[in-house]
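[1] What would the 3D arrangement of this be:
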Amino acid sequence: MKIHTNDVVQIVLGKDKGKTGKVLRVDPKDAMVLVEGINEYKRHQKARMQGQTSQIVTITKPLHVAKVALLCPKCKKITRVGYTVQKDKKVRICRKCEAVIG
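    Below is the predicted model:
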């Protein structure tokens with residue numbers, strides 16, 4: 001998967017289109033990413049025990065990887081990810097400015 005944890009991404013599709021956030025978790029099996037502060041939903045939680053109060057909880061749900069695009073740390077534009085080999089190590093590069101990504 002071309003998007004890793006701690007990458008900064010921009011949302012390309014959906015209700016949060018245009019927002020940016022940091023990737024907290026990546027699930028390559030299902031091609032999903034969890035982005036901080038994006039795709040949040042409210043859930044009503046009922047009191048389970050006596051004395052506990054009912055509340056409304058905010059839950060962050062994962063997004064499909066096709067709905068996000070990587071932001072290049074150097075040129076600050078959304079970009080596709082390329083790969084190159086440097087010193088016997090495969091590294092990710094920005095397709096627009098050719099900078100090495102994290």
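[2] Can you find the helix or strand in the chain with the smallest mean pLDDT?
    When each helix and strand of the chain is scored by mean pLDDT, DSSP states H and E, strand 100-101 comes last, with a mean of 92.
[3] Could you list the residues in contact with that strand?
    With contacts defined as CB atoms under 8 Å, 6 or more residues apart in numbering, strand 100-101 is touched by D7, L70, C72, P73, V81, Q86, V91, R92, I93, C94. Glycine gets a C-beta too; all of them are placed from N, C-alpha and C.
[4] Name the single longest strand found in this structure.
    strand 20-27 (DSSP state E).
[5] Neighbouring strands - and their directions - for that one?
    Sheet partners assigned to strand 20-27 using DSSP bridges are listed as strand 8-11 (antiparallel), strand 32-35 (antiparallel).
[6] Of these, which is nearest K42?
    Evaluated over these, closeness to K42 peaks at strand 32-35, with 17.3 Å, by CB to CB.
[7] and the next element down the chain from the closest one?
    strand 40-45 (DSSP states H and E).
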